[in-house]
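In: just to be clear, the model below is a prediction. Sequence and coordinates:
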Amino acid sequence: MEAAIIEVENLSYTYPDGKQALEEIYLRVMSGEKVALVGANGAGKSTLLLHLNGVLEGSGKIQVNGLEVKKNNLGQIRALVGVVFQNPDDQLFSPTVFEDVAYGPIYLGLEEQIVAERVHSALCAVHMNDYAGRNPYHLSMGEKKRIAIATVLSMRPQILAFDEPTSGLDPRARRELIELLHELPQTMFIATHDMELVRQLTPRMIILSQGKIKTDGASANILGNTELLTANDLI
């Protein structure tokens, strides 16, 4: 069997207050796949995302590119998995776009020239190469989301994990972001409520409900199943 870039086996997670957020999750994601993780609020989508780079730790086993997600591997894991949060202000905190995008490579101890090259490459990838000197706080929501993606791309991840990437965007910015995500070559695991994003971007769709996987298959087939979508509060 072909090796998966993400492999989750029997993952369960209970919050400190006793609420079970994930229960016996099994899934495999192949390199280059774009996969949507959908479900109602409280289904466990964000919780699952945060297990992929070790922010949360449940029972079971997770491997990323053959490397087990555990404490002594977290540096390597977080270089492999870039998480893009729902609110870009959670990732943008510097006076200029350049400094925000450079933060990760600088933290890695890379030379100044290499840092500059990574920043330029990341900004070009999100079509924001003229924004290096801008103040992130003065940008539109769509622009901020692109810069947040660039801060992750500068770390050269193999996997991009998104939490509600189109949330808060007007129709034009939403359309442009979906087009951008089409262009990026990384494996993508996308937690979303946006069924149109799923339709346009992700050939595979996983429905999560009350911490359990309810179905995992071709997006086109699942999106055509009105009864299933209704039962899981997706329409």
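Out: It's in. Numbers count the residues shown, from 1 in each chain.

In: helix or strand for Lys214, which one?
Out: In the assignment (DSSP states H and E), Lys214 maps to strand 212-218.

In: how distant is that strand from the center of its chain?
Out: Its chain's C-alpha centre and that of strand 212-218 lie 18 Å apart, by C-alpha atoms, centre = their mean, to the nearest Å.

In: so after that strand, what's the next helix or strand?
Out: Where DSSP H and E defines the elements, the next helix or strand beyond strand 212-218 is helix 219-223.

In: contacts for the next helix or strand after that next one?
Out: Sequence-wise, the next helix or strand downstream of helix 219-223 (DSSP H and E) is helix 226-231. When contacts are defined by C-beta atoms under 8 Å, 6 or more residues apart in numbering, helix 226-231 is touched by residues 195, 207, 214-215, 222-223, 235. C-beta: built from backbone N, CA, C; applies to glycine.

In: now with 6 Å?
Out: Helix 226-231 is contacted by residues Ile235 when judged by C-beta atoms under 6 Å, 6 or more residues apart in numbering.

In: just the buried residues of that helix, please?
Out: For helix 226-231, a neighbour-count test (16 or more other C-beta atoms under 10 Å) marks 228-229 as buried.

In: 7 is where my numbering starts, stick with that
Out: Taking 7 as the first residue, the last one we looked at is helix 232-237.

In: centre of the chain to that helix, how far?
Out: Counting by C-alpha atoms, centre = their mean, helix 232-237 is centred 25 Å from the centre of its parent chain.

In: what's the answer for stretch 81-94, then?
Out: A distance of 7 Å separates the C-alpha centroid of stretch 81-94 from that of its chain, computed with C-alpha atoms, centre = their mean.

In: show me what it is in contact with.
Out: 58-60, 70-71, 73, 75, 97, 150-151, 154-155, 158, 161, 163-170, 173.

In: hmm, which of those residues are the buried ones?
Out: Buried among the contacts of stretch 81-94 (16+ other C-beta under 10 Å): 58-60, 70-71, 75, 97, 150-151, 154-155, 158, 161, 163-170.

In: now intersect the contacts of stretch 81-94 with the strands, please.
Out: Among those, the members falling in strands are 70, 73, 165-169 (criterion: DSSP state E).

In: check those and tell me the two furthest apart.
Out: Leu73 and Asp169 (22.4 Å; C-beta to C-beta).

In: could you point out which element follows the least confident helix or strand in the chain by mean pLDDT?
Out: Within the chain, confidence by mean pLDDT, DSSP states H and E is lowest for helix 80-86 among all helices and strands, at a mean of 92. Per DSSP H and E, the first helix or strand lying C-terminal to helix 80-86 is strand 87-90.

In: quick one: average pLDDT of that next one?
Out: Averaged over strand 87-90, pLDDT sits at 96.

In: same thing with stretch 155-173?
Out: 96.

In: then that stretch to PDB, C-alphas only?
Out: In PDB, the C-alpha atoms belonging to stretch 155-173 read as follows (Å, rounded to 0.1, in the frame of the first residue of the first chain):
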ATOM      1  CA  ILE A 155      -0.600  31.800   4.300                       C
ATOM      2  CA  ALA A 156       2.700  33.400   3.200                       C
ATOM      3  CA  THR A 157       4.000  33.300   6.800                       C
ATOM      4  CA  VAL A 158       3.500  29.500   6.700                       C
ATOM      5  CA  LEU A 159       4.800  29.000   3.200                       C
ATOM      6  CA  SER A 160       8.100  30.700   4.200                       C
ATOM      7  CA  MET A 161       8.700  27.600   6.300                       C
ATOM      8  CA  ARG A 162       8.500  25.400   3.200                       C
ATOM      9  CA  PRO A 163       5.800  23.000   4.600                       C
ATOM     10  CA  GLN A 164       4.700  19.900   2.800                       C
ATOM     11  CA  ILE A 165       1.200  20.100   4.300                       C
ATOM     12  CA  LEU A 166      -1.100  23.100   4.800                       C
ATOM     13  CA  ALA A 167      -3.900  22.800   7.400                       C
ATOM     14  CA  PHE A 168      -6.500  25.400   7.100                       C
ATOM     15  CA  ASP A 169      -9.200  26.400   9.700                       C
ATOM     16  CA  GLU A 170     -12.200  28.000   7.800                       C
ATOM     17  CA  PRO A 171     -10.000  29.800   5.200                       C
ATOM     18  CA  THR A 172     -12.900  31.600   3.500                       C
ATOM     19  CA  SER A 173     -14.500  32.800   6.800                       C
END
